[in-house]
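In: here's a sequence, model it:
(one chain, ligands or ions: 2)
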Amino acid sequence: MKPAPRIAVIALAIVIVPLAARSSGQASHTAVDHPATEPAVAALPTFTPPPDSAIPDDPFGALVRKGRDIFTDTTRHAQPYVGNGLNCQNCHLDAGRRANSAPMWAAYVRYPRYRAKDDKVNSFADRLRGCFQYSMNGKAPAEDSEVIRALTAYSYWLASGAPTGKDLAGWGYPKEGFKPPLPPSYARGQKVYASHCALCHGTNGEGQQVAGKFVFPPLWGPESFNWGAGMGNIDNAAAFIKANMPFSRGGTLTDQDAWDAAMFMNAHERPQDPRFKDSIAATRKRHHDSKWSLYGIEINGHLLGTGTPPRDQ
Ligand code: HEC
Ligand code: HEC
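Out: Numbering: from 1, shown residues only. Ligands and ions are numbered 1, 2, ... in the order given. Model prediction:
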């Protein structure tokens, strides 16, 4: 498709930041103004995962294929562990291959690593299990279950030959240096949503189904990710949206539109955070103490975090 949106973001940072900071002088701008980000981004090694046709015809290949099937059609192939209408690839595009949509080849080589979310060094399996609990609003499969073994095999295979011990270009969602020009706004986001998102994701964020299967995934409500998910943080959502939405036209929204749409999306109710304890206020304090989470914040007279009623199975 188009060149990595991360590059577009860097280009914007180079052009817009100096223009805003001092209205003349694009030419005199040097990396010294923001030394922390640019050289690090530029230095990341690039990587292309192997094509599916290279999956071997042996027991390892069979497990890799199983993992790919679970990844693309999670609600079908890992049904006991899924509590909403989503599939892994709804947020990790092209079966987990697409750069800047947290691709699995880049993820695989980032583990083990420490995560503040559960205050421990996470194995890759731990990370996968977390996605089932929060993004899929379901249950974590056992570490030695076929689901985790297959998803691990698929990711390991996608990362065949990748350099290890380094972040790769295109890992995660491109958050570095991605800041909202103005604080995100619900009212502006509502307009962005109506003109750029509702067509596919529905007027009420409910997505669209054909024959009981989602063809456009739900963004909020009982069939979407729960309050504990990474996508519930406005900064993650804004970076994902900027790079990947509207679908097949990633990189076309302005930064402000992406932040506003993310704020609007995440200002709606969704399934309760499975870590909920005592009260919304206490849960906010323990797990959502960030300006990018609206959990426990009142919007339009509604206290976010009450959760949606459980889905009927
Ligand atoms: C609703 C969107 C969504 C869905 C669905 C989803 N994820 Fe994720 N995933 C995210 C977000 C957001 C992050 C980054 C979270 C963060 O930075 O805290 C992430 C991160 C990850 C990572 C770590 C990436 C890295 O580079 O460290 C892995 C591995 C992963 N997801 C696997 C999965 C798998 C497997 C599934 C399906 C079982 C899944 N995800 C479903 C949104 C989603
Ligand atoms: C042309 C249709 C289309 C438009 C327009 C569109 N999306 Fe999407 N969106 C999709 C599809 C399809 C997926 C799932 C991608 C996949 O599975 O490969 C998706 C996935 C997502 C996801 C991750 C999955 C989830 O349910 O949370 C978010 C968040 C999202 N879109 C937000 C937006 C926002 C915000 C806009 C408007 C700025 C937008 N999308 C516009 C089709 C669209």
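In: is ligand 2 contacted by stretch 268-278?
Out: No - using Cβ under 6 Å from any ligand atom as the criterion, no contacts between stretch 268-278 and ligand 2 are found, and the smallest distance is 9.6 Å. (Each C-beta comes from the backbone N, C-alpha and C, glycine too.)
In: no wait, stretch 245-258
Out: Yes - shown here: stretch 245-258 in contact with ligand 2 (Cβ under 6 Å from any ligand atom) through 245, 246, 247, 253.
In: tell me the two of those that are most distant?
Out: By the measure Cβ to Cβ, these have their two most distant members at 247 and 253, which lie 12.0 Å apart.
In: against residue 193, how distant is residue 205?
Out: 8 Å (Cβ to Cβ, to the nearest Å).
In: overlap in contacts, the two.
Out: Residues touching both residue 205 and residue 193 comprise residue 265, with contact defined as Cβ atoms under 8 Å, 6 or more residues apart in numbering.
In: ok, now which ones touch the spatially closest residue to residue 65 that is not a sequence neighbour?
Out: Of all residues not flanking residue 65 in the chain, residue 55 sits nearest, at 6.1 Å (Cβ to Cβ, 6 or more residues apart in numbering). For residue 55, the contacting residues are 61, 64, 65, 68, 157, by Cβ under 8 Å, 6+ apart.
In: the last one contacts residue 50, doesn't it?
Out: Yes - with contacts defined as Cβ atoms under 8 Å, residue 157 counts as touching residue 50 at a distance of 7.5 Å.
In: comparing the two, which residue is more hemmed in?
Out: Neighbours of residue 157 and residue 50, each counted by other Cβ atoms under 10 Å, are more numerous for residue 157; the result is 24 against 13.
In: which of the three states applies to that one?
Out: Three-state assignment for residue 157 (DSSP: H, G, I helix; E, B strand; the rest coil): helix.
In: and the contacts of residue 55, which is closest to ligand 2?
Out: Taking Cβ to the nearest ligand atom as the measure, residue 68 is the one of the contacts of residue 55 closest to ligand 2, at 13.6 Å.
In: can you count the residues close to that closest one?
Out: If you count neighbours by other Cβ under 10 Å, residue 68 ends up with 24.
In: next one, pLDDT for it please.
Out: On the pLDDT scale, residue 68 is placed at 98.
In: repeat for residue 43
Out: Per-residue confidence (pLDDT) for residue 43: 81.
In: what's near enough to touch the residue lying closest to residue 80 once chain neighbours are set aside?
Out: Distances taken as Cβ to Cβ, 6+ apart put residue 139 closest to residue 80, at 7.2 Å, once the chain neighbours are dropped. With contact taken as Cβ under 8 Å, 6+ apart, residue 139 is in contact with 80, 81, 83, 132, 133.
In: could you do residue 108 as well?
Out: Shown in contact with residue 108 (Cβ under 8 Å, 6+ apart): 124, 155, 156, 158, 159, 162.
In: does the second one really touch residue 68, like I thought?
Out: No - the pair residue 155 and residue 68 fails to qualify as a contact (Cβ under 8 Å) at a distance of 9.9 Å.
In: what average pLDDT does stretch 145-163 get?
Out: On average, stretch 145-163 scores 98.
In: please apply the same query to stretch 77-91.
Out: Computed over stretch 77-91, the mean pLDDT rounds to 98.
In: and what of stretch 117-131?
Out: Regarding stretch 117-131, the rounded mean pLDDT is 96.
In: spit out the contact partners of residue 270.
Out: So, once contact is read as Cβ under 8 Å, 6+ apart, residue 270 ends up touching 220, 221, 222, 224, 225, 226, 227, 232, 307, 308.
In: any idea which element the fourth one lies in?
Out: The one in question is residue 224. Residue 224 is located outside every helix and strand, with elements delineated by DSSP states H and E.
In: ok, for it, nearest residue in space, not its chain neighbours?
Out: Closest residue to residue 224 apart from its sequence neighbours, by Cβ to Cβ, 6+ apart: residue 218 at 4.4 Å.
In: alright, I will stop here.
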